Structures are given as structure tokens and as C-alpha cells.
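Trainee: One predicted model, sequence on top.
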Amino acid sequence: MVEMPASVRSLSVLWMFLQPFFSNGMLAEETQKSKISLDPLWNRIIAEDDVTLTCIGGESLGVNSTKWYHNDTLLLNSTSSSLKIINAKIQDSGKYICQNKGNKQSSPVHLEVFSDWLLLQVSAEVVREGKPLFIRCHTWRNKNAHKVIYYKDGRGLKFQYDNFNLSIANVEFKDHGTYHCEAFIQRIHHFSASLNVTVIAANISIFWLHTSIPLLMWILFTVDIGLFISTQQQLKLFLKLKMKRKGNKAQDPQPKKKDRKTSDPHLKPDPKE
């Protein structure tokens, strides 16, 4: 059996380590999936708002290039990469999925349509640490709002006379919690429903991949050097023992006795033996 060289063996180990990231689709499959973007970016809207859903990825510019699904039902009349919802209604709420030619189906986007005067909107209900978060106190038909206050876990965050958006440039774990807002619309005091924002750790898998590969390469290199040195030492020891055995044979004063029966083929056997 031929033994695999240490360097080839190390590369094999490295491939076994990296293979799940590429073959199981953590990196490769993400580039093959369609993706839905919202304009405006809020997935919580008030009745009569407008919103456009765009399917990104693959062949999205051709005729009949996109399939749209609403609550798992194919929308036969929507085949372009953009799905426009004008004067949204409550029945427009639900799960949306798209698929462009050459790509897999997108992850679902959930659109919620409310019938209310005031609605708290966030750019994402689940956000990673270090990412930005935008919060908006939205009014029905974009009516003017005054004396706007944002709250987190029941405590006031910020007050301003005219309506404004609240932004957090780099979200931290302490920013997770329940948010709501209040404002005066046409001299009537209104409160939004509360919304929970969850903050999760940064993308550990990609970060760990980027930081651990150099470390793994260094470990494999160190192991290779160790194997090479060990092999060299074993070879020197083997050659040293071999030379020692040859020296012992040369110094042996008693040569081996030859068998009289077999050393000379012409010697006749002695009948007395």
C-alpha cells in the first residue's frame, strides 16, 4: 500500500473541513437563490399604502421571467420581476415568494397590512449586531404628526415636535426589546401597537470561516514540518543501525564453517559417515 504524502494528506484534511461550506450550499446556494426587496423597505404598512416587491437574481429582465406566490398560490397575472401593490388592502397581507429563471425560490417575505392611524415600522424585526436599524412612526395617508415620542420597553427614547425617523447605526444586544410610538394627529392623541425587535449575534459562520482558515493552514504546515523532521530522524537512525551492523560483520574473527557436503560438488561422500 502506497502511503499518501504528508502535503497531499494535509490538503485532503483542509478540503474535508471546507467542503460543507461549499457543497451544502451555505455559500454557493445563497448565490443561486432569488431574493425579494421592498420599496419602501417596510414590511408593515397601513391600508392604502403603496409598496413594490422586486425579485432579484437570475434572469429577471425577460418576458415571463418571474413567478410570484402569495400564501403559496401562484399569481398568474404577475410575471415580471416587480410586483406593485397599490392602495394596499388587508387581504394583501401574507407570505410572498418569488423565483426568477435560473434561480431557486426566494426566502419568504411576510407583508402585514394594518388598519390604524399610527403604525411603528422597522427595517428588520430580527437584526444582527453591528447592522443598522431604522424605526419609523408612520401615519395613515401620511398625515402630519406632532409631538412624536419613541419608546423602548415602556421608557421614552426620544421626543420631537415634528415627525421624524429614529436610526441606530450599529445595533448592540442592548437594543433588543419592545418598541412603540405615540403622536398627535389632527389634535387627537394616538398610540401605535408594540413591536418586538430581536438582536442576534453577528454572522458567526462566515466570521469563523475567515478567521479559522489561516489558523488551520498554519497548524497543517506545522504538522507537515513535524512529520518531515520525524521522517528524517528515523531515516538517519535506520542508516546508522545499518552501518553499525556492517561494521560488526567486518570485525568478526571467526568465519562461518562451510558444509563439506555441499561446498565441493566433486567430493565423494564417505561411506562410513
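Mentor: Thanks, I have the structure now. Just so it is clear, the structure is predicted and the values come from calculations on it, not from any experiment. Residues are numbered from 1 along each chain as shown.
Trainee: next helix or strand past the helix or strand harbouring Y69?
Mentor: Per DSSP states H and E: Y69 is located in strand 66-70. Per DSSP H and E, the first helix or strand lying C-terminal to strand 66-70 is strand 73-74.
Trainee: For the strand holding Y69, what does the pLDDT average out to?
Mentor: Strand 66-70 carries an average pLDDT of 96.
Trainee: got it, and stretch 108-127?
Mentor: So the average pLDDT for stretch 108-127 ends up being 97.
Trainee: List the buried residues of that stretch.
Mentor: Applying a neighbour-count criterion of 16 or more other Cβ atoms under 10 Å, one finds V109, L111, V113, F114, W117, L118, L119, L120, Q121, V122, S123, V127 buried in stretch 108-127. From N, CA and C alone the C-beta is placed, and that goes for glycine too.
Trainee: again with stretch 65-85
Mentor: For stretch 65-85, burial by neighbour count (16+ other Cβ under 10 Å) applies to S65, T66, K67, W68, Y69, H70, S78, S80, S81, L83, I85.
Trainee: okay if I get these as JSON lines plus distance to H189?
Mentor: JSON lines is the format used below for the buried residues of stretch 65-85 (distance: Cβ to Cβ, whole Å):
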{"residue": "S65", "distance to H189": "48"}
{"residue": "T66", "distance to H189": "44"}
{"residue": "K67", "distance to H189": "45"}
{"residue": "W68", "distance to H189": "40"}
{"residue": "Y69", "distance to H189": "41"}
{"residue": "H70", "distance to H189": "36"}
{"residue": "S78", "distance to H189": "40"}
{"residue": "S80", "distance to H189": "43"}
{"residue": "S81", "distance to H189": "43"}
{"residue": "L83", "distance to H189": "36"}
{"residue": "I85", "distance to H189": "30"}
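Trainee: Identify the farthest-apart pair in those.
Mentor: Using Cβ to Cβ, those span at most 19.5 Å, a distance reached by S65 and I85.
Trainee: burial count for the nearest residue to G177 once chain neighbours are set aside?
Mentor: Leaving aside its sequence neighbours, G177 sits nearest to D153 (Cβ to Cβ, 6 or more residues apart in numbering; 4.5 Å). As a burial measure, D153 scores 11 neighbours (other Cβ atoms under 10 Å).
Trainee: Model confidence for the nearest residue in space to Y151 that is not next to it in sequence, exactly?
Mentor: Using Cβ to Cβ, 6+ apart and skipping the chain neighbours, the partner closest in space to Y151 is H180 (5.2 Å). pLDDT, H180: 98.
Trainee: before we move on, the earlier item: so which of the buried residues of stretch 108-127 belong to strands?
Mentor: If you go by DSSP state E, the buried residues of stretch 108-127 have V109, L111, V113, F114, L118, L119, L120, Q121, V122, V127 in strands.
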